[in-house]
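Colleague: sequence and predicted structure below; questions after.
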Amino acid sequence: MSELLDTYLRQLRLPTFHENYQPFAVDAARQNLDYPRYLLALAEQEVLRREQNRITRRIKAARFPVFKELADFDFSALPNLNKARILDLARGEYIQRREPIIFIGNPGLGKSHLATGLALAACRQGYKVRFWTTASLVNELLQAQNEYQLQKVMTSAIKLNLVVLDELGFIPFTAQGAQMLFTLCSELYERVALIITTNLMFADWVQVFGDERLTAALLDRLTHHAHIIELIGESYRFRQRMQTGEEEVESEPNAI
């Protein structure tokens, strides 16, 4: 009978039932549980496993370069950053309202960490997410245009719930690249939530896009209903180097 049951469970695509029905039956008998409770325990385990698998697939599809959780962010290093505001954003309501979040600050302050942490939280809440460095996205758009696949890429992006554009401002764009990014952001405007990290103040964005009118039009869209968060402080990597240097000095033996 167990072989037939195994076959049926595989046909019904209930792998967690198949994995657990025998040990759960032993536990149910030991605890004198009735049949509905036994089935409930199996069903709950199946649902939990399927949800975990969905989360795993969403995180994989997002293509994060690294995994960084909000729980690991050192808020004490940036006393001007409102931790409560970040944790409130992590609830995901900005995604439902399709609002942008823009993190502005010098390199090394944790902008990418915060963006990744919020995006990971979104994946766990059931949202479809995609993470790009801005330069890689522009290259992808240009390649898609050359291969007559640009509309396909645009359509795929619009089906997402959240798009993360990391490191805007590190590399200036060609005129064609700037136009591609503007077109995509215009398509996403009020349809898909955005998280953008940049080391440039808004007045300096024209240095990257090279066109004042295009830059102004893009900022008009991105800042509409946006959560703009400026990070002020000392670079994490710089602090780490200083701490390492201090430890080396302390451990160095006294000169003779």
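Modeller: Great, that's in hand.
Colleague: surely residue 194 is in a strand?
Modeller: Yes - under DSSP: H, G, I helix; E, B strand; the rest coil, residue 194 falls within a strand.
Colleague: mind listing the helices for the stretch 101-250 of the chain?
Modeller: 111-124, 134-146, 150-158, 175-188, 206-209, 212-222, 236-251 (DSSP state H, counting those that start in this stretch).
Colleague: out of those helices, which gets nearest to residue 102?
Modeller: Between residue 102 and the helices of the stretch 101-250 of the chain, the tightest spacing by C-beta to C-beta is seen for helix 212-222, at 6.7 Å. From N, CA and C alone the C-beta is placed, and that goes for glycine too.
Colleague: tell me the angle that closest one makes with helix 175-188.
Modeller: With axes from the mean of the first three to the mean of the last three C-alpha atoms, to 10 degrees defining the directions, helix 212-222 sits at 30 degrees from helix 175-188.
Colleague: quick check: phi and psi on the residue nearest to residue 235 when sequence neighbours are not counted?
Modeller: Spatial nearest neighbour of residue 235, chain neighbours left out: residue 108 (2.9 Å); criterion: C-beta to C-beta, 6 or more residues apart in numbering. When read as degrees, to the nearest 10, the backbone of residue 108 gives phi 90, psi 10.
Colleague: so where is this structure shaky, pLDDT-wise?
Modeller: Low-confidence segments of the chain (pLDDT under 70): 1-2, 5-6, 8-9, 12, 18, 35, 236-256.
Colleague: just to revisit the earlier point, winner for burial among the helices of the stretch 101-250 of the chain?
Modeller: Among those, helix 111-124 has the highest mean neighbour count (mean count of other C-beta atoms under 10 Å), at a mean of 22.
Colleague: that one - contacts with which helices or strands?
Modeller: Packing contacts for helix 111-124, counted by 3 or more C-beta pairs under 8 Å, 6 or more residues apart in numbering; DSSP states H and E, involve helix 35-62, helix 83-89, strand 100-105, strand 129-133, strand 162-168, strand 193-198.
Colleague: how far off centre is that helix?
Modeller: 4 Å (C-alpha atoms, centre = their mean, to the nearest Å).
Colleague: use 318 as the first number for this chain going forward.
Modeller: Sure, I'll start numbering at 318, so the last one becomes helix 428-441.
Colleague: who does the helix or strand hosting residue 339 touch, helix- and strand-wise?
Modeller: According to DSSP states H and E, residue 339 maps onto helix 332-348. Helices and strands touching helix 332-348, by 3+ C-beta pairs under 8 Å, 6+ apart, are helix 319-328, helix 352-379.
Colleague: export it as PDB, just CAs?
Modeller: The C-alpha atoms that make up helix 332-348 are tabulated as PDB, following Å, rounded to 0.1, in the frame of the first residue of the first chain:
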ATOM      1  CA  PRO A 332       6.800  16.000  -2.200                       C
ATOM      2  CA  THR A 333       6.500  17.200   1.400                       C
ATOM      3  CA  PHE A 334       3.600  14.800   2.000                       C
ATOM      4  CA  HIS A 335       5.700  12.000   0.500                       C
ATOM      5  CA  GLU A 336       8.700  12.900   2.700                       C
ATOM      6  CA  ASN A 337       6.800  13.300   6.000                       C
ATOM      7  CA  TYR A 338       3.700  11.100   6.000                       C
ATOM      8  CA  GLN A 339       5.400   8.100   7.700                       C
ATOM      9  CA  PRO A 340       7.300  10.000  10.500                       C
ATOM     10  CA  PHE A 341       4.200  12.200  11.000                       C
ATOM     11  CA  ALA A 342       2.100   9.000  11.300                       C
ATOM     12  CA  VAL A 343       4.400   7.700  14.000                       C
ATOM     13  CA  ASP A 344       4.200  11.000  15.900                       C
ATOM     14  CA  ALA A 345       0.400  11.100  15.500                       C
ATOM     15  CA  ALA A 346       0.000   7.600  16.900                       C
ATOM     16  CA  ARG A 347       2.300   8.400  19.800                       C
ATOM     17  CA  GLN A 348       0.400  11.500  20.700                       C
END
